[in-house]
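Asks: Pasted the sequence and its predicted model underneath.
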Amino acid sequence: MLDFIYYPVSFILWCWHKVFGFVLGDTNAVSWILAIMFLTFTVRGIMFKPFVNQVRSMKKMQEFTPELKKIQKKYANDRQRQAVEMQKLQREHGVNPLGSCLPMLLQIPVFIGLNWVLRAFTINPHPGTPKTNNYFFDQQGVESYVNAKLFGVNMGDAIHHAAVLGGTGGGWNWHVAPVAVPLMILASVLTHLTARHSAARQNPAQATQQTAMMQKLTMYVFPLGVLVFGAFFPIGLLVYWLSNNSWTLMQQRLVYTKIDKEEAAAKAAAAEKRSALAPKPGAKPKPGQKPVQPSKAATQDAAEDTEKSESAETTKPSNGKRSAKAGSPHQFAQQPPRPQGAGAQRKKPAAGSKNSGQKGSGQKRR
């Protein structure tokens, strides 16, 4: 029923096994491990572009999360209206909610396909006769996988095989645990680190109830699920899970670093453009040109510089005396205020002035 998934997955696995089997040998377990790892890398490389779109979509969603919260609060009692308004807001910002889920959804068919292809190596519909094929693998390829041993454990073995799948050694196979358990622990730790690295990028103030719940699921529940249900995965599938999470962690670091550099370059270009449009000191602005408003941080820095310069001028001595600008107390002491009022001493007129002449003539008459 799902042959459209099984055949592509088995074909990619067959190609990589031919490459590494030619170098290391067809029955070598390392060639099968490398084939499974490079199957993972091939699929993830195909999905690299959707992953970048996912990160950008999540970044946009974080920017309008406050508006999203307002809609949820405003239409808390009207779910239908709330959904309509949220879709409208997402269209305005050019965000597709499915874009953030697409890479994860595309990995599910690959996981299902690889799980079935690896298990099908050990399932024989005709007991007593050798298995002749497994999708793209012929009888020689099937025998190569069955005979490949990793520390004495077959690549298709699991700690527990479900009887319905007809796996080799149905029930509990504890001899597989020494190989499977370390892989389970590593896969669980990498799942947690990948989710933790992704959650560290999000602003807690902009997180909604749904995003907070998803973060807890991906950081704790999913890794625990890998650790518990890994007992039912064959060795080959645990290798896939481990390599998939290793690729995801590396890819996240590279993509997030690249996006951070792009945002920093965009901010620097915008600041340079604003400074280029601003009129030069002493030049008149062009018609229609708006003045550039300084940022709040720049205004605060300018105010602090002004205060520092004023305090420096106040305390700086000049020729042994304080500056007149400083308003020293000695200056006011040396220049007492001029008395005013009736009893104040009048200024004597200069000799030869009109007033002095009049006073002198009046004295002679007397």
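Replies: The structure has been received and is ready for your questions. What you see is a predicted model, and the numbers here were worked out from it, not measured in a lab.
Asks: Could you check what's spatially nearest to residue 242, not counting adjacent residues?
Replies: Leaving aside its chain neighbours, residue 242 sits nearest to residue 187 (4.7 Å; criterion: Cβ to Cβ, 6 or more residues apart in numbering). The way it works is simple: take the backbone N, C-alpha and C, and place the C-beta from them, glycine included.
Asks: Quick one: residues contacting that neighbour.
Replies: By Cβ atoms under 8 Å, 6 or more residues apart in numbering, residue 187 lies in contact with 226, 230, 238, 241, 242, 245.
Asks: Could you identify which of those has the most neighbours?
Replies: For these, the largest number of neighbours (other Cβ atoms under 10 Å) sits with residue 242, at 25 neighbours.
Asks: From the contact counts, what lies against the strand or helix carrying residue 110?
Replies: Using DSSP states H and E, residue 110 sits in helix 102-120. Secondary-structure packing of helix 102-120 (3 or more Cβ pairs under 8 Å, 6 or more residues apart in numbering; DSSP states H and E): helix 3-24, helix 29-46, helix 48-63, helix 235-277.
Asks: winner for burial among the ones you listed?
Replies: Highest mean neighbour count of those: helix 29-46, a mean of 20 (counted as mean count of other Cβ atoms under 10 Å).
Asks: Walking through the stretch 151-300 of the chain, point out its helices one by one.
Replies: 177-199, 209-216, 222-229, 235-277, 296-315 (DSSP state H, counting those that start in this stretch).
Asks: Which one of these lies nearest to residue 84?
Replies: Among the helices of the stretch 151-300 of the chain, the nearest to residue 84 by Cβ to Cβ is helix 209-216 (17.8 Å).
Asks: how about low-confidence regions in the stretch 251-366 of the chain?
Replies: Residues of the stretch 251-366 of the chain that meet the criterion pLDDT under 70 lie in 278-366.
Asks: For the residue nearest to residue 193 when sequence neighbours are not counted, give its distance to residue 23.
Replies: Once flanking residues are discounted, residue 193 sits nearest to residue 249: 6.0 Å by Cβ to Cβ, 6+ apart. As judged by Cβ to Cβ, to the nearest Å, residue 249 and residue 23 stand 28 Å apart.
Asks: How about residue 274?
Replies: Distance from residue 274 to residue 23, counting by Cβ to Cβ: 58 Å.
Asks: again, but for residue 68
Replies: 53 Å.
Asks: my read: residue 159 touches residue 176, true?
Replies: Yes - with contact defined as Cβ atoms under 8 Å, residue 159 reaches residue 176; the gap is 5.1 Å.
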